[in-house]
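**Q** quick check, what structure comes out for this input:
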Amino acid sequence: QVQLVESGGGLVQAGDSLRLSCAASGRTFSNYGMGWFRQAPEKERDLIADISYSGGRTTYADSVKGRFTISRDNAKNTVYLQINSLKFEDTAVYYCAAARGPYSRLTTVNVGYWGQGTQVTVSS
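**A** All right, here's what the predicted structure looks like:
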């Protein structure tokens, strides 16, 4: 079992930067592909960034490429999402997620664990 707890969300202005954190506990964190989803009001939950268990590979959705950076610190059991140049359309609940099994990539169909979500609201 992997437990995930997000933090770092809040109310920010357009153009600001924010760093979300996801603290993991339970099974060996460093063995799991991780990532971030987001869900805007009345929209589906979308995978926006994922990172391999080693941290050597990262992938981003086109909508966030260039502004979002995912990283992880396996020594601290934490994955991060740095968000720069925030836009109104980035307003959403951001969810941390882990792949279903060790050494597998997090994808939309391979999610084993979810965090509770953290709200990011961008004022224009």
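**Q** tell me how far the most centrally placed residue in the chain lies from residue 47.
**A** Relative to the mean C-alpha position of the chain, the nearest C-alpha, by C-alpha atoms, centre = their mean, is the one of residue 36, at 2.3 Å. Plainly put, residue 36 is 8 Å away from residue 47 if you go by C-beta to C-beta, to the nearest Å. All C-beta atoms are positioned from the backbone trio N, CA, C, and that covers glycine.
**Q** my read is that the residue nearest to the centre of the chain contacts residue 92, right?
**A** No - counting by C-beta atoms under 8 Å, residue 36 stays clear of residue 92, with 10.3 Å between them.
**Q** rewinding a little: in a strand, the residue nearest to the centre of the chain, correct?
**A** Yes - counting by DSSP: H, G, I helix; E, B strand; the rest coil, residue 36 falls inside a strand.
**Q** got a list of what it touches?
**A** Going by C-beta atoms under 8 Å, 6 or more residues apart in numbering, residue 36 touches 20, 22, 47-50, 70, 79, 81, 94-97.
**Q** I'd like those laid out as a markdown table, including pLDDT, neighbour count and distance to residue 4.
**A** A markdown table is the format used below for these (pLDDT from 0 to 100; neighbours: other C-beta atoms under 10 Å; distance: C-beta to C-beta, whole Å):
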| residue | pLDDT | neighbour count | distance to residue 4 |
| --- | --- | --- | --- |
| 20 | 98 | 24 | 12 |
| 22 | 97 | 27 | 6 |
| 47 | 98 | 19 | 15 |
| 48 | 98 | 24 | 16 |
| 49 | 98 | 24 | 15 |
| 50 | 98 | 24 | 14 |
| 70 | 98 | 22 | 14 |
| 79 | 97 | 30 | 9 |
| 81 | 98 | 26 | 13 |
| 94 | 98 | 23 | 12 |
| 95 | 98 | 23 | 9 |
| 96 | 98 | 27 | 5 |
| 97 | 97 | 27 | 7 |
